[in-house]
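[1] Take a look and give me a structure for this.
(chains A and B)
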Amino acid sequence: MTVQASRSARRGAAIAFLSPAMAVIVLFVAVPIALTFWISLHDWSMYTPLSQMTWRGLGNYTDLLHSDDFLNALGNTLVYVVLVLVTTVPLALALGMLLYFPKAAGKAVARAALFSTYVIPTVAIAIVWGALYAPDYGPISQALGAVGIDSPAWLSDPQTALLSLVIFHVWQMTGYYTILVIAGLTQIPDDVYEAARIDGAGFWRQTFSVTLPLLRRTTTFIVLIAAINAIQVFDPVYILTQGGPAESTTVLSYAIQRAAFQNGMAGQASAMAFSLLLVLVAVAGVVLAAMRRRTAAEGRS
Amino acid sequence: MRRITRAATVLALGLVILVPLFPLYWMVISALKGPEELQKAPPTWFPSHVTFSAFGEVFQAVPFGSAFVSSVLIAGVSTLSVLVTSVMAGFVFAKYRFRGRDLLFWSVVATMFLPPVVTLVPLYWLVSTMGLADSYLGVMLPWLANAFGIFLMRQFIADVPEELIEAARLDGASEARIVWQIVTPLLRPALVSLAIFAFVFYWNNFLWPLSILQSDDKFPVVLALSRLLSYSTSVQYQNVVMAGALIASVPTIVVFLLAQRVFVQSISRTGVKG
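    Numbering: from 1, shown residues only, chains lettered A, B, ... in the order given. So this is what the prediction gives:
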């Protein structure tokens, strides 16, 4: 075969190999993103033909700014994401170190146990958590009562319902982030610790001067992934609270699905969805830029 | 001092095993309790009478058997499709050079971070306009390829030595032959982990089937389970719901235990949820 012929064979192959995946991604990811924006400029119920859309311009967006429901959902999402981040990330770092450094039996079992929470269907395990949280029949209130603490009403109290969902999320996802931390730890060469020990650094000193700084990339990545996973929480809300009590657990993804599929307000749902996307892009941009600046600074020093 | 550290480590490890597993334990014992025992407050921490009747009742309350078949079909076909499309696209991104390749690749990777709820409305419209609402194909079609798989395969295929591929070309092997007979066999651990990731993801996927399916007989297991929950919220039926939850979880737990090592390793490689 001549060079020319093999080159054109390769071009044909590239197109043939790429097109199935690209067709799916363009048609079901890229086009829908554009459509979300387009629909968000209209009034429309999804169950009527597209021709019955009426133009609203940015009206849906200005409505959102004055809608208590949307602001409530936005606030709940924000609280949820922040609470998840400030607990899962430090917890995953601590557990990662616990499961990486000490020589102890049972580490493999602990890793498997931690990770198992991630593979079980959220719907199935959320149902179990509903039972765990139950006021009289549930083990949590009983255990708290046994040590003399008055158990809150968890999912049925507007004060604690969102927090209960956060606890469930932390329980479910921490194992996954812990595995990521362990993966990051394996990248740190042993001689760095050796050098620190020779300099007389103890465990805490090593943690704060060696481990955490060298894990910065991993940590940034976990923050990003954890934020994105928390922002899109839907299943436990649908299963456990349906957004209640008193809308205290209505988060954005639940509000979007409900507006579109139960209230027939696809235009408004799309405006919420597109706003969510913009927020995500902005957050990811800031995190990535911070990471890049740090990397660049390290490269210079 | 050393002893105290040691004891603290063992205690912490014990908690790390107990806390994740306790809800699973509760699921199992609740499925095995009878209705009278479930109505006891405070609850019993071990069933005084073990009964398996709930496991039969699940299948009478909702069409759980056909739901199981639906889930196997949906998760199975989607997983196979993701494996094939990801190997092909990953090969192009790893081994071919063309203008705009990296831009295209990173644009694809960026879609990995898109919450599905953002595109839910237009996706529903697209799929129902194609006449595929309330069909298996409609459930599967948007997920037959994904960025995560392409990313994972590209990372692993990049490690396949260039010389191997060049040598095959000199021997006159076609590009398709190179992908399927030379590259793919070298990817076995990566393929296993992608298959597990994809299977678990599609088995657990809830939002999209919930939005696109209407008829009970097409429901995957997680949808049947949520339907079961809404039928039987009273605490005396909790054993039935828990039995359903247990049955729904078994396939993913089995798959995870079988391939736990590869699974955990491959996360380290990529760090992202499918």
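
[2] Distance of the closest residue to chain B within the stretch 151-300 of chain A relative to A:Leu114?
    Scanning the stretch 151-300 of chain A for the residue nearest chain B gives A:Ala183, at 3.1 Å (criterion: C-beta to the nearest C-beta). For the C-beta atoms, the positions are set from N, CA and C on the backbone; glycine is no exception. Counting by C-beta to C-beta, to the nearest Å, the gap from A:Ala183 to A:Leu114 is 14 Å.

[3] Disregarding flanking residues, what is the spatial nearest neighbour of B:Ser215?
    Setting aside the residues directly before and after it, B:Ser215 is nearest to B:Asp134 in space (C-beta to C-beta, 6 or more residues apart in numbering or on different chains), at 5.8 Å.

[4] I'd assumed B:Asp217 was in contact with that neighbour.
    No - in this structure B:Asp134 lies outside contact range of B:Asp217 using C-beta atoms under 8 Å: 10.3 Å.

[5] between the two, which one's more packed in?
    Set B:Asp134 next to B:Asp217 and count neighbours by other C-beta atoms under 10 Å in any protein chain shown: B:Asp134 wins out with 14 against 10.

[6] pLDDT score for that one?
    In this prediction, B:Asp134 carries a pLDDT score of 95.

[7] Ramachandran coordinates for it?
    B:Asp134 adopts backbone torsions of phi 60, psi 40, taken as degrees, to the nearest 10.

[8] For the spatially most central residue of chain A, what is the enclosing helix or strand?
    When chain A is reduced to its mean C-alpha position, the closest residue under C-alpha atoms, centre = their mean turns out to be A:Asn229, at 1.2 Å. Taking DSSP states H and E as the criterion, A:Asn229 maps to helix A:216-231.

[9] following that helix, which helix or strand comes up?
    Past helix A:216-231, the next helix or strand by DSSP H and E is helix A:235-236.

[10] And the contacts of that following helix?
    For helix A:235-236, contacts defined as C-beta atoms under 8 Å, 6 or more residues apart in numbering or on different chains pick out A:122-123, A:126, A:129, A:165, A:168-169, B:206-207.

[11] so of those, which ones are in strands?
    Residues of the contacts of helix A:235-236 located in strands (DSSP state E): none.

[12] what separates the helix or strand of chain A with the lowest mean pLDDT from the chain centre, distance-wise?
    Within chain A, no helix or strand scores below helix A:266-300, which has a mean of 85 by mean pLDDT, DSSP states H and E. Distance of helix A:266-300 from its chain centroid, counting by C-alpha atoms, centre = their mean, to the nearest Å, is 14 Å.

[13] again with stretch A:196-209
    That offset, for stretch A:196-209, works out to 33 Å (C-alpha atoms, centre = their mean).

[14] now do stretch B:60-80
    On the basis of C-alpha atoms, centre = their mean, stretch B:60-80 sits 13 Å off its chain's mean C-alpha point.

[15] pLDDT on that stretch, on average?
    The model assigns stretch B:60-80 a mean pLDDT of 94.

[16] is that stretch anywhere near chain A?
    No - Stretch B:60-80 lies out of reach of chain A by C-beta under 8 Å from any C-beta of the partner chain, never closer than 9.6 Å.

[17] Dump that stretch to CSV, keeping only the CA atoms.
    Provided in CSV are the C-alpha atoms of stretch B:60-80 (Å, rounded to 0.1, in the frame of the first residue of the first chain):
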residue,chain,number,x,y,z
GLN,B,60,-47.4,-9.5,43.5
ALA,B,61,-47.4,-5.8,44.4
VAL,B,62,-45.6,-4.5,41.3
PRO,B,63,-44.4,-6.3,38.1
PHE,B,64,-41.0,-6.7,39.6
GLY,B,65,-40.1,-9.7,37.4
SER,B,66,-40.6,-7.8,34.2
ALA,B,67,-38.9,-4.8,35.7
PHE,B,68,-35.8,-6.9,36.3
VAL,B,69,-35.9,-8.0,32.7
SER,B,70,-36.3,-4.3,31.5
SER,B,71,-33.3,-3.3,33.6
VAL,B,72,-31.1,-6.1,32.3
LEU,B,73,-32.0,-5.2,28.8
ILE,B,74,-31.6,-1.4,29.2
ALA,B,75,-28.4,-1.6,31.2
GLY,B,76,-27.0,-4.5,29.1
VAL,B,77,-27.5,-2.9,25.7
SER,B,78,-26.4,0.5,26.8
THR,B,79,-23.2,-0.9,28.3
LEU,B,80,-22.4,-2.9,25.2
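
[18] Flag every buried residue along it.
    For stretch B:60-80, a neighbour-count test (16 or more other C-beta atoms under 10 Å in any protein chain shown) marks B:61-64, B:66-68, B:70-71, B:74-75, B:77-79 as buried.

[19] same question, stretch A:269-287
    Residues of stretch A:269-287 classed as buried: A:269-277, A:280, A:283 (neighbour count, 16+ other C-beta under 10 Å).

[20] Go ahead and name everything in contact with it.
    For stretch A:269-287, using C-beta under 8 Å, 6+ apart, the contacting residues are A:33, A:36-37, A:39-40, A:60-61, A:63-64, A:70, A:73, A:220, A:223-224, A:227-228, A:231, A:252-253, A:255-257, A:259-260, B:113-115, B:117-122.
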